[in-house]
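structure for the following, please:
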Amino acid sequence: MLSDLKLPMAGGRKTNGDRAWTASYGIYWSGSVVPSDGNNSTVSNARDIFFGGYLGLLDTSSRGYGYSVRCIKDQTPTERSASILKVIGNDHNNNKSTVTVAQLKAILPALRDINDDYQDIYRSYIVSANNDFSSPATIGEVQSMIDAMNALNLPEHAILDRSFFKKTNGIFEHRFVYLPVTNSTTGKTWLNNNLGADYANVDSSDYNPSQQAMTVNDRKASGSAFQWGRKADGHELMDWTPFTIPDIHDPRDTPRTYYGKGKYGETKTPADEPSHSLFILSQYDIARYDWRVNHDDTLWAGESSPNNVCPIGYRLPLSPNAGDDAPADDGKNEWYVEMSTWSSQDRAGSFASELKLSVAGNRSEWHGYVFARHVEEVYWAGTEYNITKYEIEMRKHGSSIWIDIDNDDVDANNNSRKANGNAVRCIKD
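I've put the predicted structure just below:
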């Protein structure tokens, strides 16, 4: 009775017509019905609000009951348009958008050339700090968004990198476009390329978002090398040009060829929230093996995880039971499930799959260079590696799938130290 509505507890009527619950409960119908569960057991139910005493909840009841009704004024088209513009402005400020294409089409005066397939793309644009929206947003600002997206001439079903509209180091460095590919056996949908692949890069001369790796050693498909759990802050961006320098471990030895390095270099200083794009070395720090000061196993745990680097609606594949003390084939290791459908569990099978996994090597936590190209590739999973015997030690490791080309083997039950830089291939949530 403390709300503006002053709702009385009028009770209701049972399906036999008897009056019940008067002065004990207030029960009010909503206009929503319960979706069918496929066997008609819910088709006669509808939603209601139920309160009384200490209890207040949204409930479901048979439509045969008699409950109170309180009406709400419907919005006029003009009022609805104004409320949507307000939502867009608020979403921009809160860095999370739920705006739908249907809502955009309800804005007046009508916006031009709205693309029905761009809902997630519009949401990404709205929340980007590099795009300006007033609060509430204006018609002009929203139309500018639509025009800018249409100008990209994106392919059908295009998926934008989560950081597509965000600047690092003062420039746009994550203008990557991906397409979905679906495993015909599992029904799981993945991105068609690694995060950061040249083929996905709008600003690359090799841009062709439908193109996947053409060979198992295709450097243009290698993409970025992320440290486990870290944001796409530029540390992962790579230069895959080979170079030869004196051996880092023993300069007296024959000069060694490395197959890639980071765009922005390295640092030895760990940080939980890096304010730079440097690759953080662990320098054989056995107590750490991580780019962070404090270990955190939640950073890539799901689509809503704080540091998720995958596009909206996507996440890293999970392997919750990966480890020496658990089977990899329990159905929960998504990398293992994917691998089990390949024509063969080796490099030929990985390349022949819908994912077209390529081999680029991994970026070393010791010096930040790639020294194993054409030999192996490590793809991160979103979960930590689990091992009971060395639990504390293994918290410094992330789960991964390891493609060892040298031994012609694939291992979906593997790990890599979190400070290493490895590839990321995303799966739809």
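
drop to CA atoms for contacts and neighbour counts, all remaining ones
Noted.

all helices of this structure, in order?
For the chain, applying DSSP state H gives helices covering 77-94, 101-105, 119-127, 139-151, 334-339, 347-352, 391-394.

residues touching the closest residue to Ser350 other than its chain neighbours, list them.
Excluding the flanking residues, the one nearest Ser350 by CA to CA, 6 or more residues apart in numbering is Leu357, at 5.5 Å. Applying CA atoms under 8 Å, 6 or more residues apart in numbering, one finds that Leu357 lies in contact with 213, 216, 350-351.

next one: Gly187
Contacts of Gly187 (CA under 8 Å, 6+ apart): none.

likewise for Ser224?
194-197, 236-238, 422-424.

per-residue confidence for it?
pLDDT, Ser224: 97.

before we move on, what about Arg112?
96.

how about it, nearest residue that isn't a chain neighbour?
Nearest to Arg112 is Gln143, by CA to CA, 6+ apart, at 7.1 Å.

so what's the residue count around that neighbour?
17 (other CA atoms under 10 Å).

so it touches Leu111, yeah?
Yes - Gln143 lies in contact with Leu111 (CA atoms under 8 Å); the separation is 6.2 Å.

residues that sit against both of the two, list them.
Common neighbours of Gln143 and Leu111 are not found (criterion: CA under 8 Å, 6+ apart).

CA atoms of stretch 210-227 as PDB?
C-alpha atoms of stretch 210-227 as PDB (Å, rounded to 0.1, in the frame of the first residue of the first chain):
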ATOM      1  CA  SER A 210      35.000 -15.000 -45.900                       C
ATOM      2  CA  GLN A 211      38.600 -16.200 -46.500                       C
ATOM      3  CA  GLN A 212      40.000 -18.700 -44.000                       C
ATOM      4  CA  ALA A 213      43.500 -20.100 -43.700                       C
ATOM      5  CA  MET A 214      44.700 -21.300 -47.100                       C
ATOM      6  CA  THR A 215      47.400 -23.600 -45.700                       C
ATOM      7  CA  VAL A 216      48.100 -24.900 -42.300                       C
ATOM      8  CA  ASN A 217      51.000 -22.400 -42.100                       C
ATOM      9  CA  ASP A 218      49.100 -19.400 -43.400                       C
ATOM     10  CA  ARG A 219      50.500 -16.400 -41.400                       C
ATOM     11  CA  LYS A 220      47.600 -14.200 -42.600                       C
ATOM     12  CA  ALA A 221      45.300 -16.400 -40.600                       C
ATOM     13  CA  SER A 222      47.400 -16.400 -37.400                       C
ATOM     14  CA  GLY A 223      45.900 -13.400 -35.800                       C
ATOM     15  CA  SER A 224      46.600 -12.000 -32.400                       C
ATOM     16  CA  ALA A 225      48.500 -13.600 -29.500                       C
ATOM     17  CA  PHE A 226      46.600 -12.900 -26.300                       C
ATOM     18  CA  GLN A 227      47.900 -13.400 -22.700                       C
END
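
quick one: contacts for Asn307?
Taking CA under 8 Å, 6+ apart, one finds 229-231, 299-300 in contact with Asn307.

nearest to Ser32 among the residues you listed?
Proximity of those to Ser32 (CA to CA) peaks at Trp300, which lies at 36.1 Å.

measure how buried the closest one is and give me the count.
If you count neighbours by other CA under 10 Å, Trp300 ends up with 28.

for it, give me its contacts.
228-229, 306-308, 315-316, 382-383.

now with 6 Å?
229, 308, 382 (CA atoms under 6 Å, 6 or more residues apart in numbering).

then Gly302?
With CA under 6 Å, 6+ apart, Gly302 has these contacts: Arg315.

kindly state the pLDDT recorded for it?
pLDDT at Gly302 comes out at 91.

now Tyr264: how far from Ser224?
Using CA to CA, to the nearest Å, Tyr264 is found at 13 Å from Ser224.

the contacts of Leu357: which two are farthest apart?
Once CA to CA is applied, these give Ala213 and Ser350 as the farthest pair, at 11.2 Å.

quick one: low-confidence residue ranges for this protein.
The model of the chain has pLDDT under 70 over residues 1-2, 36-44, 53-55, 283-288, 320-331, 372-376, 385-409, 411-413.

now do the domain split for it, please.
12-62, 77-151, 154-429 (automatic domain parsing).

gap between the two ends of the longest one?
The reference is to domain 154-429. First-to-last residue span, domain 154-429, CA to CA: 22 Å.

and stretch 15-24, by the same measure?
Stretch 15-24 has its terminal residues 18 Å apart, counting by CA to CA.
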